[in-house]
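# what shape does this take:
(chains A and B)
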Amino acid sequence: MDVLTAFEILVKSMLFASAPLIFTALGGVFSERSGVVNIGLEGLMVIGAFAAVVFNITFASALGGWTPWIALLAAMVIGGLFSLLHAVASISFRADQVVSGVAINFLALGLGVYLIKDWYGAGQTPQIPVPLYYERIPLLYDIPVIGPIFFNNYITSYLAIFVAVIAWFVLYKTPFGLRLRSVGEHPMAADTMGINVYRMRYIAVFISGIFGGLGGGVYAQTITQDFSAGTITGQGFIALAAVIFGKWHPLGAMGAAMFFGLAQSLAIIGSSFPLLADVPNWILLSAPYILTILALAGFIGRADAPKANGQPYIKGSR
Amino acid sequence: MFSQFSKWQKILIPVISVILGLIVGAIVMLVSGYNPIEGYSALLAGSLGEGFYIGETVRQITPYIFAGLAVAFAFRTGLFNIGVEGQLLVGWIASVWVGLAFDLPKIIHLPMAILAGAVAGAIWAFVPGLLKAKLRVHEVIVTIMMNYIALHLCNYLVRYVISDEQNTTDRVPESASLKSPFFETLTEFSTMHYGIFLALAAAIIYFVVLEKTTTGFELRSVGFNQHASEYAGMNVNRNIILSMVISGAFAGLGGAMEGLGTFGYGFIHGAFSGVGFDGIAVALLGGNVASGIILAAALFGILKQGALIMPLQSGVPTELVEIVIAIIIFFVASSYIIAYLLQRLKKGAK
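The predicted model follows:
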């Protein structure tokens, strides 16, 4: 295999596998920046995948080519609503955020598979009729060499990168972003400045639900194309890893998600690369997790979480 | 977790959570067109209705007790071990490996295989413990990541090391098996095995170590207030590592129960067994005390076993139980709001 073909396969599979991770990781960044740990990203992806697949199957004949896109909107809405459970428990009811996130993961999978079995009479939905496809970007695709590599991919992959830039702008260049981050660093000080800590955190968790749902919807409509208990297996946790590896920064999370996407696809296509053929497959599969531990341990630069991450805010206490 | 609540609240909160969880489950059944009474009766019949089902339920309870003890032990010492699932998997594979690799009399072989499970789980938990103690890395994230590494590593070991590129290993020989002919005849050939005795013994050990020994006192006090413990001359870092290692050993033993008892072999896992994650719910519901954990494990054992029969008898999908368990976790985690409402109720009554 010549270098160019190898490069093309790598770039394509990286963009392909990382888009859902980018969306979900961005959700994690919003939530954790506001001080709410979101172990429930996995569950949010599950519910997003569920919503997108069911919507796609149900409305394909009515909506035609628009189906997967409107299904993504449905996944975002359902993901957002679902995340409010985590918000109510961890912000208003002062539940342990980690425990609440674990419950979200349980509930999403339980509810999703329960409804699938009830509606379709099997543990697995039929294939979605209108999945997302590779698309050639007009004009750019005609650029020699670069065109076919970079401009013949899923639209969602470009969208993910675009949204990451927007997320960076919102978090770092707008008053809203400043408030959101201040709530995650020092909620009492933010409260003193007149910021409604509870409302800010609710919004942040809701955004994480929207993005998590979107990530799950993209995953289901590009990669698995149906829904079952095994549709989302750890992608939410890889996205969580990308949040940490990317140091709670939207662009960092995007970079990490791309890297993890590449690592994931290497585990699948690795055998066709001579250098990687001898590496035991479990090491490639575990790479995102091992690297996250190394990053946390400070071997790859320090990763400092938002200071108030994981602490419920109780007004009036010091 | 309940330290700020009074004694009667500590008992009432889990009970209320379970009731609320079952009510939500009933509503879900109603909304999706099933009869909740039929659903729950099928669940009960499928877990306690016959000798066979009782045996299967007890077999389910066994690893839940271990997983619950593992999570609770870390909890009591101020740590959150989400890695029980991974520790359980490595314990499972290690015990099967030792079971297959040696040819020894049962009196040596079985304890050795069980011990291998405990040691593997302990080693797997040592990593997050060490990182927490030395580098202040949060154990929650590390243990989650270790779960996935365990899953991939164990699958690799099963396929390429313990077996000859198969999806399952051979069965462990009789000399390393927990299988019980006595229970088999007693429960109409269920898969119930001797592990339940080990689980109950583990719960007693948990109680004694935590409540009756100096080490246990130190571990609890570190969990209660790290700074005060340090001031009192305790080695906080050593205690963090020790706590994780003991927690991991409990989890590894839970895996050994599956490897040497329930299944009797190791296999490639497409996804997690779920027992380790359910252990979080067991520990929370059991209030992190030995007796509570046994009761909570029994409840989850009944729910999980009954859920398997439920679809056949009442049409309700098995996953209803997952929903119920998730709701229970939500309410136990939100115990603050339940305690608050209870207080309001008490004031209202006066």
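# find the helix or strand that B:Gly25 is a member of.
Assessed by DSSP states H and E, B:Gly25 sits inside helix B:7-31.
# could you list the buried residues of that helix?
The neighbour-count check on helix B:7-31 (16 or more other C-beta atoms under 10 Å in any protein chain shown) flags B:9-10, B:12-14, B:16-18, B:20-22, B:24-26, B:28-29 as buried. (Each C-beta comes from the backbone N, C-alpha and C, glycine too.)
# out of those, which comes closest to chain A?
B:Val28 (7.3 Å; C-beta to the nearest C-beta).
# so the residue lying closest to the closest one once chain neighbours are set aside, which of the three states?
Distances taken as C-beta to C-beta, 6 or more residues apart in numbering or on different chains place B:Ile323 nearest to B:Val28, at 5.9 Å, with adjacent residues excluded. With DSSP: H, G, I helix; E, B strand; the rest coil as the basis, B:Ile323 sits in helix.
# which helix or strand contains the residue nearest to B:Gly254 when sequence neighbours are not counted?
Take B:Gly254 and drop its neighbours on the chain: the residue closest to it by C-beta to C-beta, 6+ apart is B:Phe66, 3.1 Å away. Taking DSSP H and E as the criterion, B:Phe66 maps to helix B:51-76.
# ditto for A:Ile210
Counting by DSSP H and E, A:Ile210 is found in helix A:197-219.
# so where's the chain shaky on pLDDT?
In the absence of a named chain, this looks at chain A. Judged by pLDDT under 70, chain A has its weakly predicted residues at A:1, A:270-275, A:300-303, A:316-318.
# can you look at chain B instead?
For chain B, the ranges with pLDDT under 70 are B:1-5, B:348-350.
# what residue in it comes nearest to chain A?
Nearest to chain A in chain B, going by C-beta to the nearest C-beta, is B:Glu322, at a distance of 2.9 Å.
# restricting to C-alpha, output stretch A:247-261 in CSV.
What follows is stretch A:247-261, C-alpha atoms only, in CSV (Å, rounded to 0.1, in the frame of the first residue of the first chain):
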residue,chain,number,x,y,z
LYS,A,247,-8.3,19.6,29.3
TRP,A,248,-11.9,20.8,29.5
HIS,A,249,-11.4,23.0,26.4
PRO,A,250,-13.7,22.7,23.4
LEU,A,251,-10.9,22.6,20.8
GLY,A,252,-8.8,20.4,23.0
ALA,A,253,-11.7,18.0,23.4
MET,A,254,-12.2,18.0,19.6
GLY,A,255,-8.5,17.2,19.1
ALA,A,256,-8.7,14.4,21.6
ALA,A,257,-11.9,13.0,20.2
MET,A,258,-10.2,13.0,16.7
PHE,A,259,-7.2,11.2,18.1
PHE,A,260,-9.4,8.7,19.9
GLY,A,261,-11.5,8.2,16.8
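# any part of that stretch near chain B?
No: judged by C-beta under 8 Å from any C-beta of the partner chain, stretch A:247-261 stays clear of chain B, getting no closer than 11.6 Å.
# what's that stretch in contact with?
If you take C-beta atoms under 8 Å, 6 or more residues apart in numbering or on different chains as the criterion, stretch A:247-261 is touched by A:13-19, A:21-22, A:24-26, A:28-29, A:32-33, A:160-161, A:164-165, A:167-168, A:171, A:238-239, A:241-243, A:245-246, A:287-288, A:291, A:301, A:303-306.
# of the residues you listed, buried ones?
A:13-19, A:21-22, A:24-26, A:28-29, A:32-33, A:160-161, A:164, A:167-168, A:171, A:238-239, A:241-243, A:245-246, A:287-288, A:291, A:303, A:305-306.
# narrow those to those in strands?
When the buried ones among the contacts of stretch A:247-261 are checked against strands (DSSP state E), there are no matches.
# what's the helix holding B:Gly25 packed up against?
Here helix B:7-31 touches helix B:36-48, helix B:275-285, helix B:290-314, helix B:320-333, helix B:335-349, going by 3 or more C-beta pairs under 8 Å, 6 or more residues apart in numbering or on different chains; DSSP states H and E.
# so which of the contacts of stretch A:247-261 also contact chain B?
Answer for those near chain B (C-beta under 8 Å from any C-beta): A:Ala241, A:Ala305.
# tell me, how many residues neighbour residue 253?
Since you didn't name a chain, this refers to chain A. For A:Ala253, the neighbour count with other C-beta atoms under 10 Å in any protein chain shown is 31.
# that's the wrong chain, I meant chain B
Applying other C-beta under 10 Å, we find 31 residues neighbouring B:Leu253.
# return the residues in contact with the residue in chain A that chain B sits nearest to.
The minimum distance from chain A to chain B, using C-beta to the nearest C-beta, falls at A:Gly110 (2.9 Å). Going by C-beta under 8 Å, 6+ apart, A:Gly110 touches B:Glu319, B:Leu320, B:Val321, B:Glu322, B:Ile323, B:Ile325, B:Ala326.
# out of these, which comes closest to B:Ser177?
For these, the closest approach to B:Ser177 (C-beta to C-beta) belongs to B:Val321, at 29.3 Å.
# ok, the closest one to A:His249 distance?
Noted for B:Val321: a distance of 40 Å to A:His249, by C-beta to C-beta, to the nearest Å.
# and these two? Which one has more around it.
The residue with more neighbours, out of B:Val321 and A:His249, is B:Val321; 24 against 18, by other C-beta under 10 Å.
# the more buried one contacts B:Ile309, doesn't it?
No: using C-beta atoms under 8 Å, B:Val321 is not in contact with B:Ile309, being 11.2 Å away.
# what touches both of those two?
Joint contacts of B:Val321 and B:Ile309 (C-beta under 8 Å, 6+ apart) are B:Leu43.
# so A:Gly40 makes contact with A:Leu109?
No: applying C-beta under 8 Å, one finds A:Gly40 not in contact with A:Leu109, separated by 11.1 Å.
# which of these two has more neighbours?
Higher neighbour count among A:Gly40 and A:Leu109: A:Gly40, with 36 against 24, using other C-beta under 10 Å.
# which residue, neighbours along the chain excluded, lies closest to the more buried one?
A:Ile104 (3.1 Å).
# where does that neighbour land in three-state SS?
Criterion first, three-state DSSP; result for A:Ile104: helix.
# so how far is A:Ser92 from it?
A:Ile104 is 15 Å from A:Ser92, by C-beta to C-beta.
# show me which of these two is the more surrounded one.
A count of neighbours by other C-beta under 10 Å puts A:Ile104 above the other of A:Ile104 and A:Ser92, at 31 against 15.
# let me know how buried the nearest residue to A:Ala229 once chain neighbours are set aside is, in neighbour terms.
Spatial nearest neighbour of A:Ala229, chain neighbours left out: A:Val113 (5.0 Å); criterion: C-beta to C-beta, 6+ apart. For A:Val113, the tally of surrounding residues (other C-beta under 10 Å) stands at 24.
# pull out the buried residues from the helix or strand containing A:Val113.
Assigned by DSSP H and E, A:Val113 falls within helix A:97-120. For helix A:97-120, a neighbour-count test (16+ other C-beta under 10 Å) marks A:97-118 as buried.
# can you check stretch B:298-314 too?
B:298-311, B:313-314.
# show me what contacts residue 262?
Chain wasn't specified; assuming chain A. So A:Leu262 contacts A:Leu10, A:Ser13, A:Met14, A:Ala17, A:Ser18 (C-beta under 8 Å, 6+ apart).
# right idea, wrong chain: chain B
B:Arg59, B:Thr62, B:Pro63, B:Thr191, B:His193, B:Gly195.
# these two touch, right, the fifth one and B:Pro181?
No: the pair B:His193 and B:Pro181 does not pass the contact test of C-beta under 8 Å, sitting 10.2 Å apart.
# perfect, I'm done here.
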